[in-house]
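Participant: Need a 3D model of the sequence below.
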Amino acid sequence: MSESPRPDPAVTDAFSWPTRVYWEDTDAGGVVYHAQYVAFLERARSEWMRARGQMQEQLRLDHDLVFVVRAMQLDFLKPARLDDLLKVTVSVRLVKRASVVFAQSIWREDQLLLKAEVKVAAVSATAFRPVGLGEALYQEFKTFEVAG
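Facilitator: Here you go, the predicted model:
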């Protein structure tokens, strides 16, 4: 039996959000349904934004800016199960003028269950077309960028 991979220091130091697996998250066998992992990742990114004082509704109202998922790569390594306490991490890998790439992972204690890369695009909330991040938001996101 192989040992669980040790956390990458960049991921260990990343923002993390705890979540519990509930019955509604699972299939009939008590294993987390694959699409539910996407919801866990989304919530963690939203909480990452909130922890930095960036409320998504405020960005929409004040700057006509919303983020939409443009691409997502998921690597399912081990299943999460009913009642598991999970830790969902978020770190910024790349910031461009109109997009941000996040590295995310889901852990159960020291077991890596899922690795993800999520690219979000900045779009106008009214026109739903790509827009650049404002300079202040761009610079703020750049300060969190971790090479990877």
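Participant: Could the C-alpha coordinates of the strand of greatest length in the chain be exported in PDB?
Facilitator: Looking across the chain with DSSP state E, the single longest strand is strand 111-124. These are the backbone C-alpha positions of strand 111-124, laid out as PDB (Å, rounded to 0.1, in the frame of the first residue of the first chain):
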ATOM      1  CA  GLN A 111      -5.300  12.200   2.300                       C
ATOM      2  CA  LEU A 112      -5.500  14.100  -1.000                       C
ATOM      3  CA  LEU A 113      -8.800  13.300  -2.600                       C
ATOM      4  CA  LEU A 114      -9.000  15.600  -5.500                       C
ATOM      5  CA  LYS A 115      -6.800  18.100  -7.400                       C
ATOM      6  CA  ALA A 116      -8.300  20.800  -9.600                       C
ATOM      7  CA  GLU A 117      -7.300  23.700 -11.800                       C
ATOM      8  CA  VAL A 118     -10.000  26.200 -12.400                       C
ATOM      9  CA  LYS A 119      -9.800  29.100 -14.800                       C
ATOM     10  CA  VAL A 120     -12.300  31.800 -14.300                       C
ATOM     11  CA  ALA A 121     -12.900  34.700 -16.700                       C
ATOM     12  CA  ALA A 122     -14.000  38.200 -15.800                       C
ATOM     13  CA  VAL A 123     -17.100  39.200 -17.700                       C
ATOM     14  CA  SER A 124     -19.400  42.200 -17.800                       C
END
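Participant: Of all the residues in that strand, which ones are buried?
Facilitator: Neighbour counts using 16 or more other Cβ atoms under 10 Å place 112, 113, 114, 115, 116, 117, 118, 119, 120, 121, 122, 123 of strand 111-124 among the buried residues. (Glycine included, C-beta is placed from N, CA and C.)
Participant: again, but for stretch 77-88
Facilitator: Buried residues in stretch 77-88 (16+ other Cβ under 10 Å): 79, 80, 84, 86, 87, 88.
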